[in-house]
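Peer 1: Just need the structure, nothing else, for what follows:
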Amino acid sequence: MTKGQQGYCFVYVTAPNAAEAEAMARKLVEERLAACTNVFPPITSYYWWEGELQRDQEVSFIAKTRRDLAQAVIQRVRQLHSYQVPAVLVLDVVDGNPDYLAWVDAQCSPGQNQA
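Peer 2: Numbering: from 1, shown residues only. All right, here's what the predicted structure looks like:
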């Protein structure tokens, strides 16, 4: 790892459609809360909501970021998301390409504009 062995994580998010997923994914990168986001094709989700089994098409994405920014990412997604209870899950990265992790460090600097 770089920068004093700080950690890295993926933040997994589901959204009701591609437009909302892409808007959130783009905003996280624009605001430098994430170095990169990947938006996936539609998925089928099954879950319980208000006592009934639901089946919906959703779009998921992952945000690649530093572990110390995870709570800020969660909060920003909650602000942008249309769901009452959005799925926002942090998955720790245990190891990776040091050059890529250094790039993540360089890109994640909230409050800073384009480099």
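Peer 1: and the closest residue to Ser45 other than its chain neighbours, backbone torsions?
Peer 2: In space, and not counting its chain neighbours, Ser45 is closest to Glu58: 4.8 Å by Cβ to Cβ, 6 or more residues apart in numbering. Where C-beta positions appear, they are placed from N, C-alpha and C, glycine not excepted. Backbone dihedrals for Glu58, given as degrees, to the nearest 10, come out at phi -140, psi 170.
Peer 1: Any idea what Ile43 is bridged to?
Peer 2: Glu58 (DSSP bridges).
Peer 1: pretty sure Phe61 contacts Glu20?
Peer 2: No - Phe61 lies out of contact with Glu20 (Cβ atoms under 8 Å); the separation is 10.0 Å.
Peer 1: who has more neighbours, those two?
Peer 2: Set side by side, Phe61 and Glu20 show more neighbours around Phe61, with 23 against 18, by other Cβ atoms under 10 Å.
Peer 1: which secondary structure element contains the more buried one?
Peer 2: Per DSSP states H and E, Phe61 falls inside strand 52-66.
Peer 1: Quick check: which helices or strands does that strand pack against?
Peer 2: Contacts defined by 3 or more Cβ pairs under 8 Å, 6 or more residues apart in numbering; DSSP states H and E place strand 52-66 against strand 8-15, helix 18-30, strand 36-39, strand 43-49, helix 98-107.
Peer 1: Cool, thanks, signing off.
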